[in-house]
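*Asks:* below is the structure, and that's it, no one-letter string:
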């Protein structure tokens, strides 16, 4: 039987304000088919790894690449995928989109591929893996793994659990550049992640590890959730039944009757208002008298307001005239008190002069100097009395006018009091005459108004009851979904128990596949290969990070990842069906060998010999890697592998989907193809 992948990756598109940047993984001869092997080739720093990181971002990663050229040119990432369900003749095409930004958590799903995607999303995803509307839950559904939970501490019987996330599967479909040689391939240096990875492998390979298995915990958690929802539904249903509300249809029917009742009461109220208006015709004269009295009072009020405003405005003017008179008085006094220019004593002999000096025909009588300009005989004192009398007269006139204004205001206040009394008397007369006839109508109108208020209160109660019934239906729907998930988990547990294999058997199979792949690679003197219970691989009896050669570490890590991927896909046990690998030639090309910073104290010359052999055979080993991958993909239709490689061998040229040159004269320069140096040069001219 041919196994189907959960989904394949068709293409990636980065959308920017001016440009879009696209990488296709489809067959060049048939765009409906996805390439089994796709290679992104090119020089360093051209965006090859960025492609893989954006694929990871569209599949739920918490971070995306933040290189300057990316942030300047990209606003969102779109990943086109093919989803093939059981019995489907053709895969369904969808596009997952996520906007860039550290605060962005939502993702959106569109139908179609990048060229035909729908204008609006068909689904919106949250970031919480436990949420049924999350991207993680959707991807796990495609893999057939939804509803599963992982133990936080599998060795403890009462361990808490977390919902399985699609991110927990990431180590099995994405081999990053860093994991190739950092000595943490199986996250053995990160216990929490190692615990999750081991449980994920158990799930994929149906391993029977202990009685408190992952699926048992999932059934237990879902059963508790189902019981809690059932209690909530029963409590809410009992309350609604006791209150006399059973179905939304009954509430809608009663609500409609109440609305009709409100409309009828409002019609009666309008009829009574018409009767009151008709019966009030005989009071036209009284109403006119009342209206005239009220209008007269309003006119007096307006005139009084004008008088008061004028009186307030006259006060500052009166103060201004008084200030001017005081200022003139001060000037006159100063002229009498201060005369510093009058000479009464001879400056030579200090004798008192008989008469003050003066200028006569341009000659000074004191010093006999002849003056060239006309000078008056002394300085005359200005006469301010005329100006003062004028100011006093105007001030008196202003005071008289202000007094008249205040008198008019007092008179208007008395008139206003009389006018208000006339208004009250006219209104009292109107009320006495109309009360006996109109009061019955008013009483009936008040009763109708009260009935309207009571009916609206009852209608509001109906609406609240309807809302509670909707909540009950929502709870019942949640209970239905939980029951379905529980049923699925129980069925999965039954299949799991039926087909479960011991963990040691599975580890042996992984070790055997690891050995076969290393042989295909041409790993020198390969023997004593096995995988420990924590999934850490051993080759030639040594742990993979103690072999003494970074090139050997790369080969073991790559073979380990391929072994897990191949076995999981062949068994159809929940793996997504694709694998992406960053830099499979890392540390293999001569000149790029990384010397271990902390050599194994127990290592002998064997490790150094293996490293030298790998270096000498590196090109042949790289070709063997690609031959193995191509051969396995040919036997397993539907599987997909994506490599990022600086210089793939010539045997892989047919599988290169894009090759970045890092040269402006040989496009494409890189992933962000317009950031090739030409733009900045043009701007600097």
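*Replies:* Happy to help now that I have it. No experiment lies behind these values; they were computed from the predicted model shown.

*Asks:* roughly how far apart are the residue nearest to residue 636 when sequence neighbours are not counted and residue 26?
*Replies:* Once flanking residues are discounted, residue 636 sits nearest to residue 569: 6.1 Å by Cβ to Cβ, 6 or more residues apart in numbering. No exception for glycine: its C-beta is placed from N, CA and C like everyone else's. In this view, residue 569 and residue 26 are 20 Å apart by Cβ to Cβ, to the nearest Å.

*Asks:* pLDDT weak spots in the stretch 151-300 of the chain?
*Replies:* Flagging of the stretch 151-300 of the chain using pLDDT under 70 yields the residue ranges 155-159, 207-221, 240, 243, 245-246, 248, 275-286.

*Asks:* got a list of what residue 315 touches?
*Replies:* residue 402 (Cβ atoms under 8 Å, 6 or more residues apart in numbering).

*Asks:* before we move on, what about residue 144?
*Replies:* 6, 574.

*Asks:* for residue 484, same thing?
*Replies:* For residue 484, no contacting residues are found, by Cβ under 8 Å, 6+ apart.

*Asks:* can you tell me the helix or strand for it?
*Replies:* helix 385-499 (DSSP states H and E).

*Asks:* does the residue nearest to residue 636 sit in a helix or strand, and which one?
*Replies:* helix 550-571.

*Asks:* which residues touch stretch 59-70?
*Replies:* 14, 50, 53-54, 57, 77, 79, 96, 98, 100, 102, 107, 127, 135-136, 139, 165-167, 170, 672, 675.

*Asks:* mind checking which of these land in helices?
*Replies:* Those of the contacts of stretch 59-70 mapping onto helices are 50, 53, 54, 57, 135, 136, 139, per DSSP state H.

*Asks:* now the buried members of the residues you listed.
*Replies:* 50, 53, 54, 57, 135, 136, 139 (16 or more other Cβ atoms under 10 Å).

*Asks:* direction included, what does the helix or strand following the helix holding residue 569 pair up with?
*Replies:* Moving toward the C-terminus from helix 550-571, the next helix or strand (DSSP H and E) is strand 578-582. Next to strand 578-582 in the sheet, as set by DSSP bridges, lie strand 174-175 (parallel), strand 640-645 (parallel).

*Asks:* and strand 578-582, what's its mean pLDDT?
*Replies:* On average, the pLDDT along strand 578-582 is 94.

*Asks:* again, but for stretch 533-551
*Replies:* Stretch 533-551 comes out at a mean pLDDT of 87.

*Asks:* ends of that stretch, what's the gap?
*Replies:* End-to-end distance of stretch 533-551 (Cα to Cα, to the nearest Å): 25 Å.

*Asks:* and residue 24, how many residues sit next to it?
*Replies:* Using other Cβ atoms under 10 Å, residue 24 has 18 other residues around it.

*Asks:* contacting residues for it?
*Replies:* 10, 11, 657.

*Asks:* contacts for the host helix or strand of the last one?
*Replies:* In this case it means residue 657. Element membership for residue 657 (DSSP H and E) is strand 656-660. Applying Cβ under 8 Å, 6+ apart, the contact partners of strand 656-660 are 23-25, 35, 38-43, 46-48, 648, 668-671.

*Asks:* need the pLDDT of the most far-flung residue of the chain relative to its centre.
*Replies:* Note on the chain: the largest C-alpha distance from the chain mean falls to residue 354, namely 102.1 Å (Cα atoms, centre = their mean). Residue 354 is assigned 77 on the pLDDT scale.

*Asks:* please renumber so the chain begins at 779
*Replies:* Understood, numbering begins at 779; the last thing we discussed is residue 1132.

*Asks:* look up how far residue 1173 lies from it.
*Replies:* Relative to residue 1173, and taking Cβ to Cβ, residue 1132 is found at 46 Å.

*Asks:* about what we covered before: how near is the residue farthest from the centre of the chain to residue 1005?
*Replies:* Computed as Cβ to Cβ, the residue 1132 to residue 1005 distance reads 131 Å.

*Asks:* equivalent analysis for residue 1290, please.
*Replies:* Distance, residue 1290 to residue 1005, by Cβ to Cβ: 45 Å.

*Asks:* okay, those two: which has more neighbours?
*Replies:* Between residue 1290 and residue 1005, residue 1290 has the larger neighbour count (other Cβ under 10 Å), namely 15 against 12.

*Asks:* got the contact list for that one?
*Replies:* residue 1307.

*Asks:* got a pLDDT number for it?
*Replies:* pLDDT at residue 1290 comes out at 93.

*Asks:* assumed it was part of a helix.
*Replies:* Yes. Per DSSP: H, G, I helix; E, B strand; the rest coil, residue 1290 lies within a helix segment.

*Asks:* let me know the secondary structure of residue 1074.
*Replies:* Once three-state DSSP is applied, residue 1074 turns out helix.

*Asks:* right, and it touches residue 1200 too?
*Replies:* Yes. Counting by Cβ atoms under 8 Å, residue 1074 touches residue 1200, with 7.4 Å between them.

*Asks:* and the closest residue to residue 927 other than its chain neighbours, how many neighbours?
*Replies:* Excluding its sequence neighbours, the residue lying closest to residue 927 (Cβ to Cβ, 6+ apart) is residue 939, at 4.0 Å. Residue 939 has 17 neighbouring residues, counting by other Cβ under 10 Å.

*Asks:* so how far is residue 925 from residue 939?
*Replies:* 12 Å.

*Asks:* repeat for residue 1209
*Replies:* Counting by Cβ to Cβ, the gap from residue 1209 to residue 925 is 76 Å.

*Asks:* looking at those two, which has the bigger crowd around it?
*Replies:* Counted by other Cβ under 10 Å, residue 1209 and residue 925 do not tie: residue 925 has more neighbours, with 25 against 14.

*Asks:* that one sits in which helix or strand?
*Replies:* Per DSSP H and E, there is no helix or strand for residue 925.

*Asks:* does it touch residue 1003 like I think?
*Replies:* No. The pair residue 925 and residue 1003 fails to qualify as a contact (Cβ under 8 Å) at a distance of 10.4 Å.

*Asks:* quickly list what's touching both of those two.
*Replies:* residue 1264.

*Asks:* sorry, back to before: farthest pair in the ones in helices among the contacts of stretch 837-848?
*Replies:* Within the ones in helices among the contacts of stretch 837-848, 828 and 914 form the most distant pair, 22.9 Å apart (Cβ to Cβ).
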